[in-house]
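structure of the sequence below:
(one chain, ligands or ions: 1)
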Amino acid sequence: MTNPLLTDWTTPFELPPFDMISDDDFAPGLEQALTLARAELATITTNPDAPTFTNTIEALELMGDKLNKVLSPFYTLAAVDSTPKREALQREFSPKLAAWGSEVMMNRALFERVEALYQARDTLDLTAEQLRVLYLSRRNFVRAGAQLEGGAYERLKQVKERLAVLGTEFTQNLLADERDWFMELSQDDLEGLPDFLKATAKAAAAEKGVEGHVLTLSRSLIVPFLQFSPRRDLREVAYEAWVARGANGGKTDNREIAAEILALRHERAQLLGYENFAAYKLETEMAKTPDAVRKLLMDVWGPAKTQAEADAAILTEMMHGDGVNGDLEAWDWRYYSEKRRAVEHDLDEAALKPYLQLENMIEAAFDCSSRLFGLNFKPLEVPLHHPDAKAWDVTRDGQHVAVFIGDYFARSGKRSGAWCSAFRSQQKLKGDIRPHVINVCNFAKGEPALLSYDDARTLFHEFGHALHQMLSNVTYESISGTSVARDFVELPSQLYEHWLEVPEVLQKHARHADTGAPMPEALLKQMLKAANYDQGFATVEYVASALVDLAFHDGPAPTDPMAKQADVLDSIGMPHAIRMRHATPHFAHVFAGDGYSSGYYSYMWSEVMDADAFEAFEEAGGAFDPDMAAKLEQFILSTGGSQEADALYMAFRGKMPGVEALLKGRGLAA
Ligand SMILES: [Zn+2]
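Below you'll find the predicted structure:
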């Protein structure tokens, strides 16, 4: 029998035929697809004809088509409905796919063809999009080290392998420290804690095989403990244990690992011809240079610090009022901040929830996209990867635009968090291929399912990513949809969250589950205001971490990262009662892998843009201004990575974003 993964799919819109696929099809499917892809690669590299854009770059774009048909359904299933069998398949696939990746990226003959085309690019009569695809393809090869020879090539390989080992060790040490530390809480110690926290502490004790209640370093336990425990002595012990993760001496200490990682990254960058790791890393980002990142962070730092210091004075006074003298310390901040919040923002989450029904919030996300971009959504009856998932046919003026799939409910076997991915991306090289996009969330099931305000934001956020895929209009898949710089990819998603804050959207869609009444205006206002609380603190702890991350990579590697960290914090005048959101020995974003190394800034970079971009709508005539919506689609949502991100933003907005809108949004504007 033929493998259903590898046949031509005759399902509606050529969706993966989930009712025919079984787990047993994936491993043989991968083998066959890899064999086919290797043959395609050989056809390109052994072609006796001189390289052309068609026989090399377009052939590369088309290579591995069957591989995608096997892997996109597999990785979706593995993430949303994991089983021991699927986990075993993942372990089996990952070295095979890594080897395949190296075969392509380290292929000398292939790189020489790409390089020849790149050098002759001005004579090839290419479109702007083709030039861009050629440029990006060559850049990927160069950044992977395809240009290097002999000793340098061997050394790069060693460095990469050692970095992979160190990243894993860093993570495992952190997990060990988080797992090993706990503090038993007596009945007296529980005084003042809310019921949910006592219940969590009891469950944590049961898990450790201990009677009673324990505190662990899990974020969902330690943070509420610091918020609610009136016992200053216990808060201090707990806080110091929390921030000592990865720095406890002995086998699980991460400080030397961090130093070695930084040294190897610097060497890697220099082998590839870059001045330092930050220059290497930021080359592909919108920010482009360490100076641009530093400027953004420092523009935010001043106002955030001013706000935090004003808040610290208020919290200190509250503490003195409690009869505790001396300075406000890091273990006091969350406790007094929570007390202050209860007074200033008396928001009743329980009263809010019945107004935010999942079905209505999906409807709200669809409705906004109808008003902005003319999209329509019709439910589709098709076999999907799980019975909880639902599909819609997305159309505009009667034309099919995309298939949108929502898989919203939490269940065991589903990875935590929320994300957007695609079974297939938009492109035109193989004909007019329209995308199949999926949003995955982890909302609690219920009759009806009710969301928190945070959940509703997540739903809008992921739908913003989905729009970036669905409205994509490019020729080449490698630059389609969300294939853009990391510090640009969160713009469409974070921007879409703003439409949830438009009062008329909630007035229309936030209706009480029992009575159907719209959300009372006072509650709506309170909800929107509460989202902005304690931003001085949040911004200071984040920006400090981002500045340390940048300093680590912008220059020769520091031999003593802890001393470097102290220097940076000293130079910016870190407020006494706030510490970095992630200190070096547990800064997993930066050391567990390469993902956010010299890239921790990018959350704020995107936020600067989304705040500024939404302001463009408000300046133009409101959240649903049709001209701005058209521009957003034309220059950002349809263009994928076909141009540099700053050029796209400039075309959309007519100017580069400043930090003013972000500061206003966070309540930090003077
Ligand atoms: Zn996102």
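
CA atoms for contacts and neighbours, from now on please.
OK.

report the contact partners of the residue nearest to the spatial centre of the chain.
The structure's the chain has its C-alpha centroid closest to residue 490; by C-alpha atoms, centre = their mean the separation is 7.4 Å. By C-alpha atoms under 8 Å, 6 or more residues apart in numbering, the contact set of residue 490 is 465, 603, 606.

any chance you could map the strands in the stretch 251-400 of the chain?
Counting by DSSP state E, counting those that start in this stretch, one finds strands in the stretch 251-400 of the chain at the ranges 376-380, 390-396, 399-409.

now the angle from the second one to strand 399-409?
Between the axis of strand 390-396 and that of strand 399-409 there is an angle of 150 degrees, by axes from the mean of the first three to the mean of the last three C-alpha atoms, to 10 degrees.

now do the SS call for the residue nearest to the centre of the chain.
Secondary structure, DSSP: H, G, I helix; E, B strand; the rest coil: residue 490 is helix.

check residue 4 too.
Taking three-state DSSP, the label given to residue 4 is coil.

list the contacts of it.
Residues touching residue 4, when contacts are defined by C-alpha under 8 Å, 6+ apart, comprise 17, 20, 21, 25.

switch the cut-off to 10 Å
The contact partners of residue 4, taken as C-alpha atoms under 10 Å, 6 or more residues apart in numbering, are 16, 17, 18, 19, 20, 21, 22, 25, 26, 29, 69, 70.

narrow those to those that are buried.
The neighbour-count test (16 or more other C-alpha atoms under 10 Å) applied to the contacts of residue 4 identifies 16, 17, 18, 21, 25, 26, 29, 69, 70 as buried.

out of those, which is nearest to residue 49?
Distance ranking of the buried ones among the contacts of residue 4 against residue 49, using C-alpha to C-alpha, places residue 69 first at 29.9 Å.

separation between that closest one and residue 475?
Applying C-alpha to C-alpha, to the nearest Å, the value for residue 69 to residue 475 is 19 Å.

what mean pLDDT does stretch 649-663 have?
The average of the pLDDT scores along stretch 649-663 is 94.

quote the end-to-end distance of that stretch.
End-to-end distance (C-alpha to C-alpha), stretch 649-663: 19 Å.

which parts of it are buried?
For stretch 649-663, the buried set under the neighbour-count rule, 16+ other C-alpha under 10 Å, comprises 649, 651, 652, 653, 657, 659, 660, 661, 662, 663.

what does stretch 382-395 give?
Of the residues in stretch 382-395, those scored as buried under the neighbour-count criterion (16+ other C-alpha under 10 Å) are 382, 383, 384, 385, 389, 390, 391, 392, 393, 394, 395.

again with stretch 171-183
171, 172, 173, 174, 177, 178, 182.

can you flag which of the contacts of residue 4 belong to helices?
When the contacts of residue 4 are checked against helices using DSSP state H, the ones located there are 26, 29, 69, 70.

which among those gets closest to residue 504?
residue 69 (41.8 Å).

from residue 77, how far out is that closest one?
Noted for residue 69: a distance of 13 Å to residue 77, by C-alpha to C-alpha.

residue boundaries of the strands in this structure?
With DSSP state E as the criterion, the chain has strands at 182-185, 213-216, 376-380, 390-396, 399-409, 419-424, 436-443.

how about the ones you listed in JSON lines, adding mean pLDDT and distance to residue 456?
Compiled in JSON lines, the strands of the chain are given as follows (pLDDT from 0 to 100; distance: least, C-alpha to C-alpha, whole Å):
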{"stretch": "strand 182-185", "mean pLDDT": "96", "distance to residue 456": "34"}
{"stretch": "strand 213-216", "mean pLDDT": "94", "distance to residue 456": "29"}
{"stretch": "strand 376-380", "mean pLDDT": "98", "distance to residue 456": "19"}
{"stretch": "strand 390-396", "mean pLDDT": "98", "distance to residue 456": "18"}
{"stretch": "strand 399-409", "mean pLDDT": "97", "distance to residue 456": "11"}
{"stretch": "strand 419-424", "mean pLDDT": "95", "distance to residue 456": "14"}
{"stretch": "strand 436-443", "mean pLDDT": "95", "distance to residue 456": "10"}
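
redo those as JSON lines? Include distance to residue 670.
Formatted as JSON lines, the entries for the strands of the chain read as follows, by distance: least, C-alpha to C-alpha, whole Å:
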{"stretch": "strand 182-185", "distance to residue 670": "43"}
{"stretch": "strand 213-216", "distance to residue 670": "39"}
{"stretch": "strand 376-380", "distance to residue 670": "42"}
{"stretch": "strand 390-396", "distance to residue 670": "44"}
{"stretch": "strand 399-409", "distance to residue 670": "40"}
{"stretch": "strand 419-424", "distance to residue 670": "35"}
{"stretch": "strand 436-443", "distance to residue 670": "37"}
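
closest one to residue 362 among the ones you listed?
Sorting those by C-alpha to C-alpha, the top spot, which is the nearest, belongs to strand 399-409 at 9.1 Å.

give the pairing partners of the closest one; include direction for each.
Looking at strand 399-409 with DSSP bridges, its partner strands are strand 390-396 (antiparallel), strand 436-443 (parallel).

export that strand as PDB, just CAs?
Listed in PDB are the C-alpha atoms of strand 399-409, where the atom choice follows Å, rounded to 0.1, in the frame of the first residue of the first chain:
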ATOM      1  CA  GLN A 399     -12.200  34.000  -3.400                       C
ATOM      2  CA  HIS A 400     -10.500  31.300  -1.200                       C
ATOM      3  CA  VAL A 401      -7.700  33.000   0.900                       C
ATOM      4  CA  ALA A 402      -6.700  30.300   3.400                       C
ATOM      5  CA  VAL A 403      -7.800  27.500   5.700                       C
ATOM      6  CA  PHE A 404      -7.700  28.600   9.300                       C
ATOM      7  CA  ILE A 405      -7.600  25.900  12.100                       C
ATOM      8  CA  GLY A 406      -8.100  26.700  15.800                       C
ATOM      9  CA  ASP A 407      -7.100  24.100  18.400                       C
ATOM     10  CA  TYR A 408      -7.900  26.000  21.600                       C
ATOM     11  CA  PHE A 409      -8.300  23.600  24.500                       C
END
